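1. below: sequence and its predicted model.
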Amino acid sequence: MATRVRASSKRCAVIGGSGFLGRHLVERLLARGYCVAVFDIRQSYELPGVTFYQGDLCDKQALLPALKDVPLVFHCASPAPASDDRALFQRVNVQGTRIVIQACKESGVQKLVLTSSASVVYEGADIKDGTEDLPYARKPLDYYTETKIQQEKLVLDACDKDGGLLTVAIRPHGIFGPRDPQLVPILVATARRGKMKFIIGDGTNLVDFTFVENVVHGHILAAEHLRPESPLCGKPYHITNDEPIRFWDFMSKVLVGLGYAAPRYHLPYMLVYGLAMLLWLLALVLRPLMAFKPTFTPMRVALAGTHHYYSCERAKRDMGYKPPVGLTEAIARTVESYPHLRHGVA
Ligand SMILES: NC(=O)C1=CN([C@@H]2O[C@H](COP(=O)(O)OP(=O)(O)OC[C@H]3O[C@@H](n4cnc5c(N)ncnc54)[C@H](O)[C@@H]3O)[C@@H](O)[C@H]2O)C=CC1
Ligand SMILES: CC(C)CCC[C@@H](C)[C@H]1CC[C@H]2C3=C(CC[C@]12C)[C@@]1(C)CCC(=O)C[C@@H]1CC3
């Protein structure tokens, strides 16, 4: 009997489990003895111990079978920020998250861990050692952030300590690591087009970049510490590497590690931000006629030219969080994992 209880409490579902973070989370959960149900709109791998359910999280009937007999759900699905598609973000991150919450309640799920984002409080001004008490951005810089705010509020408000669904939100920042489809590939594509010669601003702005395995560790700690009497209920938690680094030093380390030149020439921040705003407006106007996606969006320029690093004291205090992998090792392992993106490799 004891064995059966332990076996069932080691079951969980990962919504968005085919993605970058999702797959790393699934792999770690398997190593910790969990049986995992993955729900995703696409299937990107097969692993023993994983049951795959393919479907759209906005479709409750498709989602319910993946949550059957599962006490713990991780929700880390989202459209990519680069899609910049307002209707898609609204449908998946907001309406879809309402459906995830309903489906969890109907299935008797006990705990829901959301992957939110530290950028829910970021609106382009410097944030230095920001705590979770900062207010949500009143004027988010993009549609992605706008809907991540609404998503986090929905999940945290759904927390019910009186025998209902328990919820918590993890707010990582600048996730990187092997198989990341975003940060390193965009950086390298920009360098290959000869556009990574410039530093936006004076280059001294400090930023958090977080190794994917540390983000995974934060999620699992949160799930295992979430109980009706614990302080985690209905709260957001920053999870970072706890080693803020100059944005342009981080970019240079990755670029140089892959054989590209580090950016050298400075451009004034306000000039580049203004140009990015103009390009974004142009892309919006031209959208019905042609697909045109600027690399330097207002959000990316702001992230590249301001301070934005966050305190993870709350996670240390409430769940004993300490990043297992330091930044130097994390960058080395990331660079090593992209042989195909090295300079000179087609
Ligand atoms: N990458 C980063 O730097 C950061 C990411 N986050 C959050 O972390 C989470 C994971 O992000 P990544 O792994 O980087 O992205 P990803 O794009 O690699 O993974 C997202 C997954 O969600 C799935 N998905 C999208 N729409 C879906 C739908 N309608 N139904 C079912 N599945 C759907 C995708 O197929 C994909 O596998 C997201 O919630 C993102 O907002 C938060 C902070 C920073
Ligand atoms: C073109 C260059 C100026 C920058 C190239 C690197 C960028 C693609 C990345 C640097 C910071 C990253 C980041 C995110 C996406 C990729 C970057 C812009 C997020 C917006 C991803 C989703 C989040 O929740 C917040 C992240 C902040 C940092």
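-> Cool, got the structure. Numbers count the residues shown, from 1 in each chain. Ligands and ions are numbered 1, 2, ... in the order given.
2. enumerate the residues of the protein near ligand 2.
-> Proximity of the chain to ligand 2 is confined to 81, 117, 119, 173-174, 182-183, 186-187, 190, 295-296, 300, 303-304 under the rule CB under 6 Å from any ligand atom. All C-beta atoms are positioned from the backbone trio N, CA, C, and that covers glycine.
3. tell me the least confident of the residues you listed?
-> Lowest model confidence among those falls on T295, which carries 86.
4. distance of the closest residue to that residue other than its chain neighbours relative to ligand 1?
-> Among residues not flanking T295 along the chain, T190 sits closest, at 5.5 Å (CB to CB, 6 or more residues apart in numbering). Distance, T190 to ligand 1, using CB to the nearest ligand atom, to the nearest Å: 16 Å.
5. now do the SS call for T190.
-> Secondary structure, DSSP: H, G, I helix; E, B strand; the rest coil: T190 is helix.
6. so it makes contact with F198?
-> No - using CB atoms under 8 Å, T190 is not in contact with F198, being 10.4 Å away.
7. and the residues of the chain next to ligand 2, which are buried?
-> Neighbour counting with 16 or more other CB atoms under 10 Å marks 81, 117, 119, 173-174, 183, 187, 190, 296, 300, 303-304 as buried within the residues of the chain next to ligand 2.
8. dump the residues you listed to CSV, plus distance to L255 and secondary structure.
-> What follows is these, written out as CSV (distance: CB to CB, whole Å; DSSP: H, G, I helix; E, B strand; the rest coil):
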residue, distance to L255, secondary structure
P81, 21, helix
S117, 24, coil
S119, 23, helix
H173, 20, coil
G174, 16, coil
L183, 12, helix
L187, 7, helix
T190, 10, helix
F296, 16, coil
R300, 16, helix
L303, 17, helix
A304, 13, helix
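9. can you count the residues close to the nearest residue to V207 once chain neighbours are set aside?
-> Leaving aside its chain neighbours, V207 sits nearest to F247 (4.4 Å; criterion: CB to CB, 6+ apart). F247: 26 surrounding residues under other CB atoms under 10 Å.
10. contacting residues for F247?
-> 203, 205-207, 303-305 (CB atoms under 8 Å, 6 or more residues apart in numbering).
11. what about the residues you listed, which are in helices?
-> 303-305 (DSSP state H).
12. touching the helix or strand that contains V301 from outside, list them.
-> Element membership for V301 (DSSP states H and E) is helix 298-305. Helix 298-305 has contacts (CB under 8 Å, 6+ apart) with 81, 122, 124, 141-142, 144-145, 200-201, 205, 207, 247-248, 269, 272-273, 276-277, 280.
13. what subset of those is buried?
-> 81, 122, 124, 141-142, 144-145, 200-201, 205, 207, 247-248, 269, 272-273, 276, 280.
14. in space, what's closest to the residue of the stretch 51-200 of the chain found nearest ligand 2 - neighbours in sequence excluded?
-> Per CB to the nearest ligand atom, S117 is where the stretch 51-200 of the chain lies closest to ligand 2, at 3.2 Å. Spatially, and ignoring its direct neighbours in sequence, S117 is nearest to K148 (5.0 Å; CB to CB, 6+ apart).
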